[in-house]
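Asks: compute the structure for the input listed below.
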Amino acid sequence: MEDQTKSTKQSQIVRIWHIVNVDGKILGRAATEIAHKLTGKAKPYFVRHLDCGDHVVVINARHIVTTGKKEKQKMYGVYSGHPGGLKQKALWQMRQEKPEEVVRHSVYGMLPKNKLRDRFITRLYVYPEAEHPYKNKFNV
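Replies: You can find the predicted model right below:
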């Protein structure tokens, strides 16, 4: 009789904490690295239908870099559904008001579009500078 591969169970998932310093990193490249850790794709017991991801703390979000003319041309918008209800802000405005939302929005767009997406994003903690309250979670 042949050995069969056992599927991963929720009780077997171990969550660890990662810290990502995005100071001087390009926004899209940092976001893919963060999304990879949030989904847990690098783990040997990864399965698509379970939440296998880890906690990710992102620091220095204010100092992230973009290439080209994105600073003035990239727009973030919300639409109320009513005529004239579109409100848009450029990347440079978002960086001044809420720099952590720039990183969160980019990572959110790179997560899989399924029911686990909202669960993944709850384990993302973004801070504009190097100070964060999760220093005791790391073994460094």
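Asks: list the residues that contact the residue most central in space within the chain.
Replies: Centroid-nearest residue in the chain, with Cα atoms, centre = their mean: V107, separated by 3.7 Å. Counting by Cβ atoms under 8 Å, 6 or more residues apart in numbering, V107 touches A31, I34, A35, L38, I121, L124. Every residue, glycine included, has its C-beta placed from N, CA and C.
Asks: from E2, how far off is the third one?
Replies: When Cβ to Cβ, to the nearest Å is the yardstick, A35 and E2 sit 36 Å from each other.
Asks: more neighbours: the two, which one.
Replies: A35 (22 against 3; other Cβ atoms under 10 Å).
Asks: which non-adjacent residue is nearest that one?
Replies: Distances taken as Cβ to Cβ, 6 or more residues apart in numbering put M110 closest to A35, at 4.1 Å, once the chain neighbours are dropped.
Asks: show the model's pLDDT score for the one you found.
Replies: Listed pLDDT for M110 reads 97.
Asks: got phi/psi on it?
Replies: phi -100, psi 0 (degrees, to the nearest 10).
Asks: next, count neighbours for K89.
Replies: The tally of other residues near K89 (other Cβ under 10 Å) stands at 17.
Asks: and the gap between it and K72?
Replies: 11 Å.
Asks: quick check, the residue nearest to A35 in contact with A31.
Replies: Yes - taking contacts as Cβ atoms under 8 Å, M110 lies within contact range of A31: 5.4 Å.
Asks: please say which of those two ends up with more neighbours.
Replies: A31 (24 against 15).
Asks: SS state for that one?
Replies: helix (DSSP: H, G, I helix; E, B strand; the rest coil).
Asks: from I64, how far out is it?
Replies: 9 Å.
Asks: H132 now?
Replies: For H132 relative to I64 (Cβ to Cβ), the value is 16 Å.
Asks: and these two? Which one has more around it.
Replies: The residue with more neighbours, out of H132 and I64, is I64; 22 against 14, by other Cβ under 10 Å.
Asks: with that, I have no additional questions.
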